[in-house]
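Q: I need the structure of the sequence given here:
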Amino acid sequence: MIYVTRRAEFSASHYYHNPKFSPEQNRRVFGKCSNPLGHGHNYTVEVTVGGPIDPATGMVLDLKDLKTLLEQEVVELMDHKFLNKEVPAFAEKNPTTENLAIEIWKLLAPKLVQGKLHRIRLYETADLFVDYYGE
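A: Okay, the predicted model is just below:
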């Protein structure tokens, strides 16, 4: 099995809020991330796909196809968006790094034509990332 990884970047804003919490509890649990006006991040997502090498092409999959899929399904949906308000998956779910990684998996896994999605790695900052390997 060979693994290939493609990287993309997007910028988005968000806030964390639990409607079951009081305003004070939201501030205590989520800190400055609970500001309803939001705050932004520059995200980097790495998508790793594994599979056998196709003897006809010498590749697991065409990386430009993976780049196109990543741009169409993730970057176009999330780049320069207020995630809580503009991305339906986060209308009632906090757009944490963990939840973003899971949603990206859900967007990409069923659309891969070759190989199998192995990992989503999402960086929120240079030193904070989440790895998601599916359910």
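Q: Residue 106: what's its closest spatial neighbour, skipping adjacent residues?
A: residue 89 (7.9 Å; Cβ to Cβ, 6 or more residues apart in numbering). Backbone N, C-alpha and C define where each C-beta goes, glycine included.
Q: Check the offset of the lowest-mean-pLDDT helix or strand in the chain from the chain's centre.
A: In the chain, the helix or strand scored least confidently by mean pLDDT, DSSP states H and E is strand 128-132, which has a mean of 92. Relative to the chain's own centre, strand 128-132 is displaced by 10 Å; criterion: Cα atoms, centre = their mean, to the nearest Å.
Q: ok, now stretch 64-81?
A: With Cα atoms, centre = their mean as the basis, stretch 64-81 stands 10 Å off its chain's centre.
Q: Indicate each strand paired with the least confident helix or strand of the chain and its parallel or antiparallel sense.
A: Partners of strand 128-132 in the sheet, by DSSP bridges, are strand 116-125 (antiparallel).
Q: tell me the mean pLDDT for the partner strand?
A: Averaged across strand 116-125, the pLDDT comes to 95.
Q: Could I get the full set of strands for the protein?
A: 2-14, 39-51, 81-82, 116-125, 128-132 (DSSP state E).
Q: Distance check, residue 11 against residue 126.
A: Residue 11 sits 14 Å away from residue 126, taking Cβ to Cβ, to the nearest Å as the criterion.
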